[in-house]
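In: task: produce atomic coordinates for the following.
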Amino acid sequence: MDVANRVGLNISPEAVKAKTGKTWVQWFALLDKARAQAMSHKDIVAILSSKHGLSPWWRQMVAVAYEQGKGLRDKHEKPDGFEISRSKTIKAPVDDVYEAWGNTRRRAQWLPGAKLTIRKATENKILRVTWGDGSNLEVSLHAKGATKTQIVVQHGKLASARAAAKQKEFWGEAFDRLAQLLES
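Out: Numbers count the residues shown, from 1 in each chain. Sure thing, here's the model as predicted:
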């Protein structure tokens, strides 16, 4: 299987062709011909938009797949660093989960020693947070009925792929502690 079909997006060549009119191999050949390997992400996206009319979502997917396939971008890499996402559904009402984030003493029970600043919060929905190392969190809470909540953390502006992997593991463990605290 060629590089264009091995990129980590898990979107088959058939699905890409059905939505964009071209397979991964065809998109890669087209971008190679346009000398996209020497372009910025923004410039690749501009070509996909202006010359090929791709929707915003698909132009990002094709550009990222190309960059990853050509070794120009690592998995989870964004222009401002690396970003991971982690989610978990726990058996607790959304207001309890929100309070576990917003109340400093409660938060210390499941995020011991965490240094963070909540920059903006919408009650029972979202928190925007600066982590102690200057990286950013976006915490989304989604009520799944009266007694369950899905929590999603996107942790961005991480310094490296190694830091991203470490934070992905960290959030898995933190969510387990939060579930243990709130489900007991």
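
In: which strands and helices sit next to the worst-scoring helix or strand of the chain on mean pLDDT?
Out: In the chain, no helix or strand scores lower on mean pLDDT, DSSP states H and E than strand 77-78, which sits at a mean of 76. Contact partners of strand 77-78 among helices and strands, from 3 or more CB pairs under 8 Å, 6 or more residues apart in numbering; DSSP states H and E: none. In this view, the C-beta of every residue, glycine as well, is placed from N, C-alpha and C.

In: and that strand, how far from the chain's centre?
Out: 9 Å (CA atoms, centre = their mean, to the nearest Å).

In: which outside residues touch that strand?
Out: The contact list for strand 77-78, computed with CB atoms under 8 Å, 6 or more residues apart in numbering, reads 156, 161.

In: the helix or strand just after it: partners in the sheet, and parallel or antiparallel?
Out: Using DSSP states H and E, the helix or strand that follows strand 77-78 in sequence is strand 81-90. Strand 81-90 pairs in its sheet with strand 77-78 (antiparallel), strand 149-158 (antiparallel), by DSSP bridges.

In: TSV for those, including mean neighbour count and distance to residue 16?
Out: Listed next are the strands paired with strand 81-90 as TSV, based on neighbours: other CB atoms under 10 Å; distance: least, CB to CB, whole Å:
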stretch	mean neighbour count	distance to residue 16
strand 77-78	16	21
strand 149-158	20	25
